[in-house]
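Asker: Below: sequence and its predicted model.
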Amino acid sequence: MTTAADAYTTRALTAQTWDDFAALVEENNGVWGGCWCMGFHPEGVRGATSAQDNQAAKRAHVDGGTCHQLLVYADDRCIGWCQYGPPAELPNISNRKTYDKELDRLPDWRIGCIFTGKGHRGHGVARAAVAAALAQIETAGGGVVEAYPEQSADRPAQRGAYFHTGPESLYSQFGFERVRRIA
Ligand SMILES: CC(C)(COP(=O)(O)OP(=O)(O)OC[C@H]1O[C@@H](n2cnc3c(N)ncnc32)[C@H](O)[C@@H]1OP(=O)(O)O)[C@@H](O)C(=O)NCCC(=O)NCCS
């Protein structure tokens, strides 16, 4: 059987694939006006004075090997990504205070930002990105993986724009189970 996911390939975000990533970010107005996927990294986006600061900070993480991110390609065009990494690499989850209050142990890995370019949504790109991230995590030794998605059940249809960290239904397809509510 051929599925939409068969049409995609994935590559790690590295110095070699940076231009593909940058093209996708620029096509989408910097993503949220210029975050350049920095929100989960230790610097966050609050201290940055411009989108260029975020771009430079992101590039520094890529060059320094402190960024794990899978890019999804249709042919040779990058159309989406899934960011993941150990908690020290991605400390800035939303509602961190509530999260820390009942924390018994940190996960081995976090899935942070997930993004599919406008015009490519609803065709399995995010699913391909998460599948590739989980495969990489398994290759790296596996462990407990946390994601922080938005609940999608019992809500009216939401535009993808509101799912910064992906919808819960995306992760349940991979066997993730909700442990607790932090927002
Ligand atoms: C949320 C988002 C990542 C989904 O990407 P996508 O490639 O369209 O998702 P997929 O087609 O792979 O969908 C996989 C599953 O996710 C869920 N899903 C995707 N979009 C959804 C939506 N708008 N509402 C509810 N569920 C949704 C579904 O369960 C879907 O499975 P199904 O097709 O079998 O029903 C995308 O809409 C997006 O990038 N939004 C912007 C997020 C953002 O701003 N990220 C940056 C944060 S800094």
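Answerer: Structure received.
Asker: burial of F40, as a residue count?
Answerer: 25 (other CB atoms under 10 Å). Using the backbone N, CA and C atoms, a C-beta is placed for each residue, glycine as well.
Asker: And R77, by the same measure?
Answerer: Neighbourhood size, R77 [other CB under 10 Å]: 13.
Asker: So it versus the ligand, what's the distance?
Answerer: Distance, R77 to the ligand, by CB to the nearest ligand atom, to the nearest Å: 14 Å.
Asker: Which residue, other than its chain neighbours, is closest to that residue?
Answerer: Once flanking residues are discounted, R77 sits nearest to D20: 7.5 Å by CB to CB, 6 or more residues apart in numbering.
Asker: Show the contacting residues for that neighbour.
Answerer: Contacts for D20 (CB atoms under 8 Å, 6 or more residues apart in numbering) come out as 11, 71, 73, 76-78.
Asker: Next one: the residue in the chain that the ligand sits nearest to from G64, what distance?
Answerer: Of all residues in the chain, G160 sits closest to the ligand, at 2.1 Å by CB to the nearest ligand atom. Applying CB to CB, to the nearest Å, the value for G160 to G64 is 31 Å.
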